[in-house]
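Sequence plus the predicted model coming up.
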Amino acid sequence: MNEVLQVKHLTKSYEKDEPVLKDINFNLQKGEVVVIVGPSGCGKSTFLRCLNLLEPIDEGSIVLGGETIGRKDKNVHQHRQKIGMVFQSYELFPHLSIINNILLAPVKVQKRDRKEAEREALALLERVGLSDKKDAFPRQLSGGQKQRVAIVRALIMNPEVLLLDEITAALDPEMVREVLQVVLKLAQEGMTMAIVTHEMEFAKAVADRVMFMDQGVIVEENTAKEFFAYPKTERAKQFLNTFHYEALEI
């Protein structure tokens, strides 16, 4: 596998507060899926936002395809197109139809031919089971459908890396599965992804590697099989035990 993304000694703070991320070193190989887990507030989402250049970093470097990138880089918009991101809040424009939500960036930003982009958009909608919703508006879709549209909107930019930030957190339980099935299929097709999730069963199914974070540092990294079966650190064991519910004695 070829290395697509590399992070070296990344540190991130907000003003004079304690660093949110402390000396993070990370790499992502082409076709690899890394799932990032950890307690709320440990820096997982901030880390993804740094990778997509939505947050400036204080120290360290981010290397994409052998080229160091950053917010002061004059090519920041080009680099951001190579790192697609899907948020938990969908971020769809309510006044635009689904097809126009999807076509906005490829046509306006990438200057692609609309007909060509629309053919790709319709093919992607077909892949996620939403071809019949192309002329609908976001208010007419369920949460799970909106999130699948958000994934299509990221994919149509043909990113080298796809970042997924708690994409099921705002969904009803019955809608979670339909979204996770789309992501699992992307993984099977070789999409390079970094995923923040609290869905541990999904993480087991989709991850090549798991990165466990706590208090702004990487506590443990391992293959998904090894991490879930044999966590090496006490902190990771404590975290995983919170997902094992025992019957309460009354």
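Thanks, I have it. Being a predicted model, the structure only gives us computed values, none of them experimental. Numbers count the residues shown, from 1 in each chain.

helices or strands next to the lowest-mean-pLDDT helix or strand in the chain in the packing?
The helix or strand of the chain with the poorest confidence is helix 76-82; it has a mean of 79 (mean pLDDT, DSSP states H and E). With contacts taken as 3 or more Cβ pairs under 8 Å, 6 or more residues apart in numbering; DSSP states H and E, helix 76-82 sits against strand 67-69. No exception for glycine: its C-beta is placed from N, CA and C like everyone else's.

Buried residues, the strand it packs on. List them.
Neighbour-count burial for strand 67-69 flags Ile69 (criterion: 16 or more other Cβ atoms under 10 Å).

Pull the residues that contact it.
53, 61-63, 75-76, 79 (Cβ atoms under 8 Å, 6 or more residues apart in numbering).

where's it relative to the chain centroid, distance-wise?
Put simply, strand 67-69 sits 20 Å off its chain's centre (Cα atoms, centre = their mean, to the nearest Å).

Contacts only, for the spatially most central residue of the chain.
In the chain, the residue lying closest to the centroid (Cα atoms, centre = their mean) is Leu164, at 1.5 Å. Contacts of Leu164 were listed using Cβ under 8 Å, 6+ apart, and they are 85-86, 151, 183, 193-197.

what's the longest helix in the protein?
The residue-count maximum for a helix in the chain (DSSP state H) belongs to helix 173-188.

Show the secondary-structure elements that that helix is packed against.
Short answer (3+ Cβ pairs under 8 Å, 6+ apart): helix 173-188 packs on helix 143-155, strand 193-196, helix 200-206.

so can I have JSON lines of the ones you listed showing mean neighbour count, distance to Phe228 and mean pLDDT?
JSON lines is the format used below for those (neighbours: other Cβ atoms under 10 Å; distance: least, Cβ to Cβ, whole Å; pLDDT from 0 to 100):
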{"stretch": "helix 143-155", "mean neighbour count": "23", "distance to Phe228": "25", "mean pLDDT": "95"}
{"stretch": "strand 193-196", "mean neighbour count": "25", "distance to Phe228": "15", "mean pLDDT": "97"}
{"stretch": "helix 200-206", "mean neighbour count": "17", "distance to Phe228": "6", "mean pLDDT": "92"}
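
Sweet, I'm off.
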